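In: A predicted structure for the sequence below; I have some questions about it.
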Amino acid sequence: MESYLFYIVGTIAVLAAVYLIFERNPVFCALYLIQTMVCIAVLYILLEAQFIAAVQMIVYAGAIMVLFLFVIMLLNIKGDEESKRSFPFRKIPAILMGIGLLTVICIILKSKLLQGKQDVYTVAHIESLGNTQLIGNLLFTDYLLPFEITSILLFVAAIGAIMLAKRKL
Amino acid sequence: MINYLPILILFIVAVGFAVTNVALSAVLGRQKPGVEKLSPYECGIEPIGSARERFSVKFYLIAMLFVIFDIEVIFLYPWAVAFKSLKVFGFVEMVIFIGILFICYFYIWKRGGLEWD
Amino acid sequence: MNKELFIFIIIASVKVLLVFGAVQFMVIAMIWLERKIMAHMQVRLGPMRVGPHGLLQPIADGIKLLFKEDIIPQKASKFLFILAPIMTVVPALVTFAVIPFGDTITIFGRSIDLVITDINVGFLYVFAVSSLGIYGIVMAGWASNNKYSLLGGIRSSAQMISYELTLGLSLIGVVMLTGSLSLVDVVNEQSTLWNIVMQPLGFFIYAASAIAEVNRCPFDLPEAETELVAGYHTEYSSMKFATFFMAEYANMISVSAIAVTFFLGGWQGPFLPPVVWFMIKLSACLFFFIWIRSTYPRLRYDQLMYFGWKFLLPLSLLNILITGLIMVIKG
């Protein structure tokens, strides 16, 4: 049953992503992106990663996409305005960059760089302790430094946001 | 996994309910469209220009600050769950984390990021 | 399909339909009660004509709205205009999936938990779903192509995201005490002592944020009649309007149910059956909403933002630190 669900949700996610690329109206694009994000959250649930699924929903689908929508509405680009400004031959660098990105993704997937060691973390072990509890324990012991650095990263982001939005400094 | 099945059922019921609701009035209500009736409401006067004007950058800033603080809140959830087993060590860590964010918060405040004028 | 799974699905479906029906009934009851209670607080009678003491008024309103003309403004984005009420009401209704409304009962030798589903990230689920509720409102505002609607939608979403932060932060104290994100565990933990005793500040922050999150008075800026006509649903008519209305009430019920679960001991209580206790507490919270509405005037938008960002946000961070400190000292 899980594999069926995976194929259904995965197809919806990919279709939404394709629609996102070919849609002209930016507001609709944002909606398709939200749809993709929610589908990815469901995929995380299928992987038994409930906490990550919730984070995916809250941060990506709930917070970042609100920001995207605001920006789209703030800039309020009209279709004709946009086509006037765009420079010719823009498709060539786009295709080149796309191919480059695809190659990088393929190399990384092939090299198993992203595969962590399984260690004691079998599905049964995670189930017994609880997903969030386990992440909490690991994040605040083994991965303490990255966590603390995150707060500085957030600080930098806040400075950037203020600089962007303020007219008088 | 099986625990998420009832959520799916509820979701289907809710969507079905909402779609029926919206569809019902389109079917049952009688339609008598007119030019006046279909124009956007603007207190009785002729609508001036498009409604989709650009709006204040303040809202954009609020959305950005929301993303930043939302990520912070996300970090607090696993911490709160594991708090009992982390004990004093976990508390000190979070004091540092929240401390840095407090500095960040007061920076935003002093820079006028929270002002509405 | 094996037999166990089939029975599981049947039980789940029955629970879903029961909860769904109960929520619908409560929405209808709330519409009547709100008008009636507000009227009596303002020394009026309220609806009296339809049925005894106007009891059938919400049904009459529903039937009226059902047969009203369904207007879609010419300049509106038709698809989004229709989608927006659906996107608002679905998250409001789906939240109820993780809220425990009673103890485990035994029917036909089969023990059934009185909660649609108990997932170990229940708390995060509530926030994930409620954070999607914003899109319906933004979309409604944008799709209408009406100045008041857009202003209302943008205002509303900025308000909702601001107070979503403090809403999440206010409950972290409870999570620290419980050590679990499952709502069933949170209720079980409170068998001896309600969390409101341990977390009075958290409850205050939650109450203030929840009222703002569901756009109720005194934080009902998005639909401030005196300046924005009706906010994001200015252009909506017939059942689409009713759907927005329903979403607002369903949201009110869901935040009240979460308040009951996290702070007021959930279904725990002596003598009476658990479900009755849950309903009593829920009704008390809902009454509180109406009471607040008829007591306080509306805030100005800058006051609203100041209150959220300059007062509630540092206060809720402080609440977490204090809770942590006390727990560390106690050991």
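Out: Here it is on my side, so go on.
In: quick one: which helix or strand includes whichever residue of chain A sits closest to chain B?
Out: With CB to the nearest CB as the measure, A:Gly136 is the residue of chain A nearest to chain B, at 2.9 Å. From N, CA and C alone the C-beta is placed, and that goes for glycine too. Using DSSP states H and E, the element containing A:Gly136 is helix A:131-139.
In: helix or strand right after that helix?
Out: Helices and strands here follow DSSP H and E; after helix A:131-139, the next one along the chain is helix A:144-165.
In: Who are the packing partners of that following helix?
Out: For helix A:144-165, the contact count by 3 or more CB pairs under 8 Å, 6 or more residues apart in numbering or on different chains; DSSP states H and E identifies helix B:57-110 as packing neighbours.
In: Model confidence score at the residue nearest the centre of chain A, please.
Out: Residue closest to the average C-alpha location in chain A (CA atoms, centre = their mean): A:Tyr60, at 6.1 Å. Model confidence at A:Tyr60, expressed as pLDDT, equals 89.
In: Contact partners for the nearest residue to it once chain neighbours are set aside?
Out: In space, and not counting its chain neighbours, A:Tyr60 is closest to A:Met37: 4.6 Å by CB to CB, 6 or more residues apart in numbering or on different chains. Applying CB atoms under 8 Å, 6 or more residues apart in numbering or on different chains to A:Met37 gives the contacts A:Gln56, A:Met57, A:Tyr60, A:Ala61, A:Met65.
In: and what of C:Tyr232?
Out: For C:Tyr232, the contacting residues are C:Ile137, C:Ala140, C:Gly141, C:Ser144, C:Ser149, C:Gly152, C:Gly153, C:Ser156, C:Pro222, C:Glu223, C:Phe244, taking CB under 8 Å, 6+ apart as the criterion.
In: Return the closest of those with respect to C:Gln74.
Out: When the contacts of C:Tyr232 are ranked by distance to C:Gln74 (CB to CB), C:Ser144 comes first, at 11.3 Å.
In: What residues does chain A have near chain C?
Out: Proximity of chain A to chain C is confined to A:27-28, A:31, A:34, A:38, A:41, A:50-51, A:53-55, A:57-58, A:61-63, A:65-66, A:69-70, A:73, A:130-133 under the rule CB under 8 Å from any CB of the partner chain.
In: Now which of those would you call buried?
Out: A:27, A:31, A:34, A:38, A:41, A:50-51, A:53-55, A:57-58, A:61-63, A:65-66, A:69-70, A:73, A:130-133 (16 or more other CB atoms under 10 Å in any protein chain shown).
In: Intersect those residues with the contacts of chain B.
Out: Applying CB under 8 Å from any CB, the subset of these adjacent to chain B comprises A:Phe51, A:Val55, A:Ile58, A:Gly62, A:Ala63, A:Val66, A:Phe70, A:Met73, A:Gly130, A:Thr132, A:Gln133.
In: Where helices are concerned, which of those residues count?
Out: A:Phe51, A:Val55, A:Val66, A:Phe70, A:Met73, A:Thr132, A:Gln133 (DSSP state H).
In: List the contacts of the last one.
Out: It stands for A:Gln133. Contacts for A:Gln133 (CB under 8 Å, 6+ apart) come out as B:Pro78, B:Val81, B:Ala82, B:Ser85, C:Gly179, C:Ser180.
In: Ok, the second one next?
Out: Residues in contact with A:Val55 (CB under 8 Å, 6+ apart) are B:Ile74, C:Leu124.
In: In PyMOL, select just the buried ones from the contacts of C:Tyr232.
Out: PyMOL command restricting the contacts of C:Tyr232 to the buried ones, with burial defined by 16+ other CB under 10 Å:
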select buried, chain C and resi 137+140+141+144+149+152+153+156+222+223+244
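In: and the contacts of C:Tyr232 as CSV, adding secondary structure?
Out: Formatted as CSV, the contacts of C:Tyr232 follow (DSSP: H, G, I helix; E, B strand; the rest coil):
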residue, secondary structure
C:Ile137, helix
C:Ala140, helix
C:Gly141, helix
C:Ser144, coil
C:Ser149, helix
C:Gly152, helix
C:Gly153, helix
C:Ser156, helix
C:Pro222, helix
C:Glu223, helix
C:Phe244, helix
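In: wouldn't B:Ile2 be in contact with C:Phe8 here?
Out: Yes - taking contacts as CB atoms under 8 Å, B:Ile2 lies within contact range of C:Phe8: 7.0 Å.
In: Excluding sequence neighbours, find me the nearest residue to C:Ala242.
Out: Computed as CB to CB, 6+ apart, the closest residue to C:Ala242 that is not its neighbour in sequence is C:Leu65, at 4.6 Å.
In: which residues touch that neighbour?
Out: By CB under 8 Å, 6+ apart, C:Leu65 lies in contact with B:Ser25, C:Ser238, C:Met239, C:Phe241, C:Ala242.
In: which one of the ones next to chain B among the buried ones among the residues of chain A next to chain C sits closest to B:Phe89?
Out: When these are ranked by distance to B:Phe89 (CB to CB), A:Gln133 comes first, at 15.9 Å.
In: Quick one: name the residues of chain C near chain A.
Out: Counting by CB under 8 Å from any CB, chain C sits next to chain A at C:77, C:80, C:119-121, C:124-125, C:127-129, C:131-132, C:134-135, C:138-139, C:142, C:150, C:154, C:157, C:161, C:164, C:179-181.
In: Least confident secondary structure element in chain A?
Out: Evaluated with mean pLDDT, DSSP states H and E, the helix-and-strand set of chain A has its lowest mean pLDDT in helix A:79-85, which scores a mean of 54.
In: ok but C:Thr106 is inside a strand, no?
Out: Yes - the secondary structure assignment for C:Thr106 places it in a strand, going by three-state DSSP.
In: okay, now it: neighbour count?
Out: 8 (other CB atoms under 10 Å in any protein chain shown).
In: Kindly report the same for C:Met41.
Out: One way to gauge burial is a neighbour count; for C:Met41, by other CB under 10 Å, it gives 14.
In: contact partners of the helix or strand hosting A:Tyr19?
Out: With elements taken from DSSP H and E, the one containing A:Tyr19 is helix A:2-22. Contacts of helix A:2-22 with the rest of the structure, by CB under 8 Å, 6+ apart, involve A:Cys29, A:Tyr32, A:Leu33, A:Gln35, A:Thr36, A:Cys39, A:Ile40, A:Val42, A:Leu43, A:Leu46, B:Met1.
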